[in-house]
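Enquirer: just coords:
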């Protein structure tokens with residue numbers, strides 16, 4: 001039913017992956033799916049902001065995120081599941097949607113938290129992904 005599942009996590013935020021990783025691995029095993037696990041490194045937007053950081057800060061952040069994602073997968077995903085590690089750079093929800101289209105995912109799985117006031121004003125990433133995705137989206141509550 002699901003050939004390619006995209007799981008979006010923030011490896012440094014346990015609430016973003018604690019329940020979703022269980023669901024994603026169960027689905028990947030049940031449907032013999034490819035599991036694409038991604039995390040997103042935010043960019044700093046305006047060039048004036050990034051000018052305050054060392055020249056190669058973005059490269060180092062991506063390398064660190066890649067390292068952390070590989071460690072995360074080793075600790076939480078069994079070896080019998082085919083996993084692709086993906087690092088996005090930019091806006092979280094835009095990167096999730098971009099990657100989903102690129103890999104032609106059948107399902108996006110992501111966690112969410114109880115909304116706060118700023119979520120109603122700006123919109124949480126899960127809500128944006130759900131509204132704009134071209135495939136099914138499963139949002140797993142904390």
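Expert: Nice, I can see it. The model shown is predicted, which means the values in this text are computed figures rather than measured ones.

Enquirer: where does pLDDT dip in this structure?
Expert: Low-confidence segments of the chain (pLDDT under 70): 44-54, 113-123.

Enquirer: buried ones in the longest helix anywhere in the chain?
Expert: Counting by DSSP state H, the longest helix found in the chain is helix 57-76. Of the residues in helix 57-76, 61, 65, 69, 72-73, 76 count as buried by neighbour count, 16 or more other CB atoms under 10 Å. Every residue, glycine included, has its C-beta placed from N, CA and C.

Enquirer: residues in contact with stretch 16-36?
Expert: Residues from elsewhere that reach stretch 16-36, judged by CB atoms under 8 Å, 6 or more residues apart in numbering: 1-7, 9-11, 37, 72, 76-78, 80-84, 86, 99, 103, 105-107, 109-111, 138, 140-142.

Enquirer: now list the buried members of those.
Expert: Using 16+ other CB under 10 Å as the burial test, the contacts of stretch 16-36 include 2, 4-7, 9-11, 37, 72, 76-77, 81, 83, 86, 99, 103, 105-107, 109-111, 138, 140 as buried.

Enquirer: how about the strands in this structure?
Expert: Counting by DSSP state E, the chain has strands at residues 4-8, 34-41, 83-89, 107-112, 136-141.

Enquirer: given the first one, what are its sheet partners and their directions?
Expert: As defined by DSSP bridges, the strand partners of strand 4-8 come to strand 34-41 (parallel), strand 107-112 (parallel).

Enquirer: what angle sits between the shortest one and strand 136-141?
Expert: It stands for strand 107-112. Strand 107-112 and strand 136-141 are oriented at 20 degrees to each other (axes from the mean of the first three to the mean of the last three CA atoms, to 10 degrees).

Enquirer: which of the strands paired with strand 4-8 sits closest to residue 133?
Expert: Among the strands paired with strand 4-8, strand 107-112 comes nearest to residue 133, with 5.7 Å by CB to CB.

Enquirer: pull the distance from that closest one to the chain's centre.
Expert: The chain centroid and the centroid of strand 107-112 are separated by 8 Å, computed with CA atoms, centre = their mean, to the nearest Å.

Enquirer: neighbouring contacts of it?
Expert: Counting by CB under 8 Å, 6+ apart, 2, 4-9, 15-20, 23-24, 27, 96, 100, 124-126, 129, 133, 135-142 sit against strand 107-112.
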